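[1] Got a sequence here, can you model it:
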Amino acid sequence: MKIKDLIKQDAGFQYVVDNMEFMSTAGRRKMLNVEFCNDATWLQEEWQRLERVIKVTREYKFKKPYIELRHCLMQLHDLQGTLQSLSCHTTLNEVELFEIKNLAQLAQIACSAIAELGLTDVLPLPATKDIFNLLDPDGTGIANFYIYDSYDARLAPLRRELQGLQTAGGDPMRISELLALQNEIQNEVCTRLSDELAKWADLLTTTMEQMAYADFLLAKSDLAIRWNLARPEIGETIEYMNLVNPRLKEHNESHKQRYQPVDITLSPGVCLITGANMAGKTVLLKSVATAQTMAQCGMYIPASKGVVRLVEGIASSIGDDQDEMNGLSSYAAEIIKISNILKDCRSHELLVLIDEPARTTNPVEGKALVQALIAILNNLNSTTLITTHYSQLGSTCRRLRVKGFVEDMADVPLNPQNINRFIDYSLTEDQSDNVPQEALRIAAILGCDEQLTALAKENISK
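    Numbers count the residues shown, from 1 in each chain. The predicted structure is shown next:
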C-alpha cells in the first residue's frame, strides 16, 4: 500500500504528511507513491540516508550548499508527461525543450551542491552536461531555450530578411512566405533535437526521479528536526519511549494544555488495554498506528526512542467506520471490519489495533465476542492491541491499564475544561481481570445530574 492510500485510512498520518514542506510538486508526488515497506535492508538504508541529511542540515558550514540545493528543487517542474513523450519518440515543442534544458541545468547545479554537502553517495545524480550543451549550442549558459540560428544554416539569412521586411513594412506576401518557411525549419529542428534527446530519455527520467527523491528526503529531514523525531530500530517487539501523537500534541500546545507522552511495549499476541473513560486509550491506538506507518515508510518516529517489529500491514477498527449512508449501524460496520481483520491475519503478519470491540451491542454477547476475538488473535502471528471496558473476560493475554484520573494532582477546582490536566496517561501492568470503575466519579466531576449519579451508585451497590 502506498502513502497516498495510507493517508486516507489514518488521519494522524495525514497530519504528518500535511506538515512536510516540499519544494516541488515532483517531491510530493514521489512521497505519495512510496510503499509501506517491511524490507529491513531498505528501511535501514533509508534511515541511514535520512540521518546523513539531518547531520549536514544542522551544521552551519553546509548552510550555503544546502540553501542552493533547496533553491534548485524549488525550480523543479514535474516532467513526467514530457519525458513519456520523449520515450515514445514524439516531437517536442519549444516549451518542452526548454523544460528539458532547465532540468539538465538544475541537475548540474544540484550535483555541485550535493557534492559540497558530502552526499553524493546518498543523492547520486546522472551527468547532464551533454544534454544541456545540445540545447545550448551558442554556449549562453542560461536555461532559456530558443531555436538558435546555429541549428540550421538557413535560419540566419531568412531571419535577417524577415526582420528587414517587417521593419520597412515590406510585401505582405513575401513576409507570409518567410514566416511559413521559418516555421517549417524550426519544426525540423525540433524533430531532430527530439530524436537526439530520445536516447537520453531513461537518463532524464532517472534525473527527474532522483531530484524528486532529494526533495522528499529533505522534507523528511526537516520534519525530523522540527518535531524532534527519533531514528527507529528494528527488533522482535514494538517499543516506544515517550511516544506522542503529533496532531494532539500540537493541538494541546497551541491551547497551552498539558500533553503527556506514553511508553509502551508490544510483543506478538494480544495485549489488552483497560482504563477509565477519557484516559486516552483511543489516542494511544492511533498514536501506535501513526508511528508504525511513519517507520515503515522510511521516516523517523514521534518518540524519544523506538523499536519496530516489521509487519506486512496495519489493520484497525477504531470507531471511524460507521457508514450511515449505506444503512450500516455502528455495530454492523464494526463487525464487518473485525471479520475482515481476522481474514487478513490468517495470511499476513499484521499490527492489529481494535478499540472497544462489541461496545455497541448487549453486554453478554459483547463480552463473548471479545473473548472469542482474543482467543483467535492469540493463535495468529500478529501483534494486537485491544482496548475494552469489559471485566472478567477470563482470557489469557497481557494486560495494561491506563493509570487514569489522579485526584492528588488536582491543585484547582475541577471542571470539564481542565480535567485532562489531572489524568495520568502512563501504562501499568495489570494482572487482574477487572477494569477500572471511574465512570460515575468522572461524571460527578463533570457536573452530571446528581440524581442520575446517585441512582446509578444505588444500582451498583445492589
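[2] Spit out the contact partners of T90.
    T90 sits next to S194 when contact means Cβ atoms under 8 Å, 6 or more residues apart in numbering. Every C-beta, even on glycine, is put in place using the N, C-alpha and C of the backbone.
[3] and it, which of the three is it?
    Look at T90: counting by DSSP: H, G, I helix; E, B strand; the rest coil, its state is coil.
[4] Would you quantify the distance from it to Q84?
    Distance, T90 to Q84, using Cβ to Cβ, to the nearest Å: 9 Å.
[5] cool, and A230?
    Between A230 and Q84 the computed distance is 40 Å (Cβ to Cβ).
[6] In terms of neighbours, single out the busier of these two.
    Each of A230 and Q84 has its neighbours counted (other Cβ atoms under 10 Å); A230 has more, 19 against 12.
[7] Is C397 in contact with I374, as I believe?
    Yes: with contacts counted by Cβ atoms under 8 Å, C397 reaches I374, the gap being 5.6 Å.
[8] which residue packs closest to R70, ignoring adjacent ones?
    Leaving aside its chain neighbours, R70 sits nearest to M23 (5.8 Å; criterion: Cβ to Cβ, 6 or more residues apart in numbering).
[9] which ones are touching the one you found?
    Contact analysis of M23 by Cβ under 8 Å, 6+ apart lists R70, L73, M74, L76, D215, L218, A219.
[10] do the same with F98
    Per Cβ under 8 Å, 6+ apart, neighbours of F98: A143, N144, F145.
[11] Who are the packing partners of the helix or strand of the chain at the bottom of the mean pLDDT ranking?
    Of all helical and strand segments in the chain, the minimum by mean pLDDT, DSSP states H and E falls on helix 439-445, at a mean of 71. Applying 3 or more Cβ pairs under 8 Å, 6 or more residues apart in numbering; DSSP states H and E, one finds that helix 439-445 contacts strand 398-405, helix 450-461.
[12] Deepest in the core, which of the ones you listed is it.
    Mean neighbour count (mean count of other Cβ atoms under 10 Å) peaks for strand 398-405 among the helices and strands packed on helix 439-445, with a mean of 20.
[13] Can you name the residues in contact with the helix or strand following it?
    Per DSSP states H and E, the first helix or strand lying C-terminal to strand 398-405 is strand 423-429. For strand 423-429, the surrounding residues in contact (Cβ under 8 Å, 6+ apart) are 260, 262-264, 273, 278-280, 284, 398-406, 409.
[14] Please point out which parts of strand 423-429 sit buried.
    In terms of neighbour count (16 or more other Cβ atoms under 10 Å), strand 423-429 has its buried residues at I423, D424, Y425, S426, L427.
[15] Tell me if I'm right that T25 and L79 touch.
    No: at 10.7 Å, T25 does not count as touching L79 under the criterion of Cβ under 8 Å.
[16] where in the stretch 51-200 of the chain is pLDDT low?
    Scanning the stretch 51-200 of the chain for pLDDT under 70 picks out nothing.
[17] on that earlier part again, for ChimeraX, what selects the buried ones among the contacts of M23?
    Buried residues within those, by 16+ other Cβ under 10 Å, are selected in ChimeraX with:
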select :70,73,76,215,218,219
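[18] For A291, state which of the contacts of M23 is nearest.
    Here the nearest of these to A291, counting by Cβ to Cβ, is A219; it sits at 18.3 Å.
[19] name the element that closest one belongs to?
    Using DSSP H and E, A219 sits in helix 201-227.
[20] Can you list the neighbours in contact with the next helix or strand after that helix?
    The first helix or strand that comes after helix 201-227 along the chain, using DSSP H and E, is strand 233-234. Residues outside strand 233-234 that contact it (Cβ under 8 Å, 6+ apart): A40, L43, Q44, G306, V307, V308, R309, L310.
[21] OK, contacts around the closest residue to E51 other than its chain neighbours?
    Distances taken as Cβ to Cβ, 6+ apart put R231 closest to E51, at 6.0 Å, once the chain neighbours are dropped. By Cβ under 8 Å, 6+ apart, the contact list for R231 reads W47, L50, E51, Y300, I301.
[22] next one: E239
    I264, T265, L266, K305, G306, V307.
[23] if I look at it, how far off is L69?
    In this view, E239 and L69 are 35 Å apart by Cβ to Cβ.
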